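Novice: let's see this in three dimensions:
(one chain, ligands or ions: 2)
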Amino acid sequence: MTTANTEGRLPVTTHYDVRRDAEGHRYLEPFVKGFDLTRIPLLNKGTAFTHEEREKLGLDGLIAPQVDSLNTLVDRLYRDYVQVQKPLDKHVFLRHLQDRNEVLFYALLAAHVEEMLPIVYTPTVGQAVQEFSKIYRVPRGLMLSTDNIERAEQALGNVPLNDVRIIVATDSSAILGIGDQGFGGMGISIGKLSLYVVAGGVGPDKTLPVELDVGTNRQDLLDDPDYLGVHHKRLTGDEYLAFVDRFVEATRKRYPKAIIQWEDFSRDAAFTVLERYRKVVPSFNDDIQGTGAVVLAGVLNACRLKGERLRDQRIVLHGAGAGGIGVTDALRRGLMREGLSDEEARSRLFVLDQTGLLLSDRNLEAYKRTYAHDPASLGFSYAGRAPSLLETVQGAGATILVGLSGVSGAFSEDVVKAVHANTAQPIVFPLSNPTANCEALPGDVLRWTDGEALVSTGSPFAPVELNGKTYPIGQGNNAFIFPGLGFGAILAGAREITDEMVLEAAYALADYTARTHPDRLYPPVDELPAASIEVAVRVIQQTLRDGVAQEKGLDGLDEAALTDLVRAKFWVPKYLPFRAPAPGGGQA
Ligand SMILES: O=C([O-])CC(=O)C(=O)O
Ligand SMILES: [Mg+2]
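Specialist: Ligands and ions are numbered 1, 2, ... in the order given. Alright, predicted model coming up:
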């Protein structure tokens, strides 16, 4: 309920208490009045407060006289937005709007998804993370650090939301392809959650971005007096795990229904954290599992376009971080679905780290060993300590080349042409983000292969024109997976995010694309919400098969009924009316 607590502080309640009247109409019950209403982003309606609301809510005289509709405000804001020139300034423009008037922010974003996604998300979010201390204005989300982790429960108690269902948490150790970003990684948690709302239908009051500020190893940040994070080196080992333990424990107490999406952890921490908590709290790692699923979906579609199967391919993956190994895992599962044994699947996968191909006679971290080849049975020779990318592509007869290395330009002309020499239609995915870290430009890949390559990238690229033909470049970004995966898991009340749920998300995306855009690898970005709905439905079905759904009443629902349910629960930006409590009115 919405009564002020006894100490007279801000009421301890959600800042967005949606209720329904007897006829089922949604409304908000004011728990603050007057000026404060214009300062709480989830409640503020700008000039859209009606005359009646202004009178009743103590806003008379505090707002410009004209009453606007949400649509009018969206149009007005969009006209302002297009005047802003630089991408980072556009990002700041939108973030400020989000911190001022959240419904308007989402209405604007929803109306211009394709245009604004590169601004709130990759690539511009990469720059926003790097400049985070400079662009920081008002707080958003939960900022845990070595200064307050001992009081994690108290800190979580301060979060003014009562029913958080999805958390994106990062320790900022490997943001996109740009490495350790210290406190600035908060920008990625915020950006991902905007997608959960606009593409995944999760209400903004159900989302919480979290920064786990365990320090940074970047000397330039430590030396910068304007850097807003804690000024010490990163915690490691037991201290690090104790920090994350405290966060998880406090979160479980405050938000027992919340799912945690681990984001942009460096390779070791990514695997350790995922395994340590995945049975404790429903959670998944976006870079390992989300990226894995999205790449599997695109590769399946590319194989379909070639008229071949995944099992016919030989796959080279450049990059053995969280993303690289996650994608390799997903492709291995995909190969096994087509009837291969685990060993046969692994024999078709060739993973390289900075040194070269993973070989069993190299001194490798545990998570890389699964994919190490025995040099004796490799069947091709090489010059150095480990085969280079070119040697591997040639020796292994690669038909697919996937980049998750963060190394700009790693897919040179000779490497791409070597894949083309092995197959008429090479599948080439330079996926590293943001744009500047991409392994190759799609236009180059297409030119080097006479337009025959099937290309997709992680960050957005304009369509390529070549010899009078236009090639749209699909965005193989986990944004096509995590919003639907998370939303489905929320609606099912999943007690765990199983590997099968993630795999099902991949097949759902592949099927959606094959049905709606048979000539493409991924849907266009403006179809993110539609694709996410399909992913969510299939994820719910998988939670039922896996026996992890805690929500009752889903069992008997067929696909059409589940789709109706997901659509009905999809949050859409709308200014709800403020009303006094309805006698006997139930909670939403
Ligand atoms: O954020 C993105 O665009 C995709 C992703 O998870 C990453 O690159 O780390
Ligand atoms: Mg990521």
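Novice: residues making contact with the longest strand along the chain?
Specialist: Longest strand in the chain, counting residues (DSSP state E): strand 207-213. Residues from elsewhere that reach strand 207-213, judged by Cβ atoms under 8 Å, 6 or more residues apart in numbering: 140-146, 159, 161, 164-172, 182-183, 185-186, 189-190, 192-193, 196-197, 229-230, 243-244, 247, 255, 258. All C-beta spots, glycine's among them, are computed from the backbone N, C-alpha and C.
Novice: now Ala421: closest residue in space, sequence neighbours ignored.
Specialist: Nearest in space to Ala421, with sequence neighbours left out and distances taken as Cβ to Cβ, 6 or more residues apart in numbering, is Gln394 at 7.8 Å.
Novice: same thing with Lys257?
Specialist: Going by Cβ to Cβ, 6+ apart, Lys257 has Arg165 as its nearest residue, at 5.9 Å.
Novice: please name the residues that touch the one you found.
Specialist: Contacts of Arg165 by Cβ under 8 Å, 6+ apart are 202, 206-207, 255, 257-259, 490.
Novice: cutoff 7 Å now
Specialist: Applying Cβ atoms under 7 Å, 6 or more residues apart in numbering, we find Arg165 in contact with 202, 206, 257-259, 490.
Novice: ok, now how distant is it from Arg137?
Specialist: 26 Å (Cβ to Cβ, to the nearest Å).
Novice: before we move on, what about Ala199?
Specialist: Distance from Ala199 to Arg137, by Cβ to Cβ: 25 Å.
Novice: next: Ala293.
Specialist: 35 Å.
Novice: who's more crowded, those two?
Specialist: Ala293 (35 against 9; other Cβ atoms under 10 Å).
Novice: if I look at the more buried one, how far off is ligand 2?
Specialist: Ala293 sits 13 Å away from ligand 2, going by Cβ to the ion, to the nearest Å.
Novice: name the helix or strand for Tyr106, please.
Specialist: helix 102-111 (DSSP states H and E).
Novice: hmm, who's touching that helix?
Specialist: 41-42, 46, 70, 73-74, 77-78, 94, 97-98, 116, 120, 194, 197-198, 204, 573-575.
Novice: before we move on, the earlier item: so which of the contacts of strand 207-213 belong to strands?
Specialist: 142-145, 166-170.
Novice: tell me the two of those that are most distant?
Specialist: The most widely separated members of those, counting by Cβ to Cβ, are Ser145 and Ile166 (21.9 Å).
Novice: quick one, which of those two is more surrounded?
Specialist: Neighbours were counted for Ser145 and for Ile166 using other Cβ under 10 Å; Ile166 has more, 28 against 17.
Novice: residues in contact with that one?
Specialist: Counting by Cβ under 7 Å, 6+ apart, Ile166 has contacts 196, 202, 206-207, 258-259, 261, 486, 490.
Novice: before we move on, back to that, I'd like the ones in strands among the contacts of strand 207-213 laid out as CSV, including distance to ligand 2.
Specialist: Formatted as CSV, the ones in strands among the contacts of strand 207-213 follow (distance: Cβ to the ion, whole Å):
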residue, distance to ligand 2
Leu142, 19
Met143, 19
Leu144, 19
Ser145, 21
Ile166, 15
Ile167, 15
Val168, 10
Ala169, 12
Thr170, 8
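Novice: which one of these is nearest Asp558?
Specialist: Closest to Asp558, out of all of those and judged by Cβ to Cβ, is Ile166, at 26.4 Å.
Novice: distance of that closest one from Lys257?
Specialist: 10 Å.
Novice: likewise for Phe578?
Specialist: 27 Å.
Novice: for the residue in the stretch 451-588 of the chain that ligand 2 sits nearest to, which non-adjacent residue is spatially closest?
Specialist: Across the stretch 451-588 of the chain, the shortest distance to ligand 2 (Cβ to the ion) belongs to Asn478, at 6.8 Å. Counting by Cβ to Cβ, 6+ apart, Gly290 is the residue found nearest to Asn478 once chain neighbours are left out, at 3.4 Å.
Novice: the one you found belongs to a helix?
Specialist: Yes - secondary structure of Gly290 (DSSP: H, G, I helix; E, B strand; the rest coil): part of a helix.
Novice: contact residues of the stretch 201-350 of the chain facing ligand 1?
Specialist: 264, 286-287 (Cβ under 6 Å from any ligand atom).
Novice: switch these over to TSV; also include neighbour count and pLDDT.
Specialist: Output for those, formatted as TSV (neighbours: other Cβ atoms under 10 Å; pLDDT from 0 to 100):
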residue	neighbour count	pLDDT
Asp264	30	97
Asp286	29	98
Asp287	26	97
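Novice: between these, which is closest to Ser341?
Specialist: Nearest member of these to Ser341, counting by Cβ to Cβ, is Asp287, at 27.4 Å.
Novice: on that earlier part again, just the buried subset of the contacts of Ile166, please.
Specialist: 196, 202, 206-207, 258-259, 261, 486, 490 (16 or more other Cβ atoms under 10 Å).
Novice: in TSV, list the residues you listed along with distance to ligand 2 and pLDDT.
Specialist: Putting the buried ones among the contacts of Ile166 into TSV (distance: Cβ to the ion, whole Å; pLDDT from 0 to 100) gives the following:
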residue	distance to ligand 2	pLDDT
Tyr196	14	98
Val202	18	97
Lys206	21	96
Thr207	17	97
Ala258	19	98
Ile259	16	98
Gln261	10	98
Gly486	14	98
Ile490	20	98
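Novice: right, I'll call it a day here.
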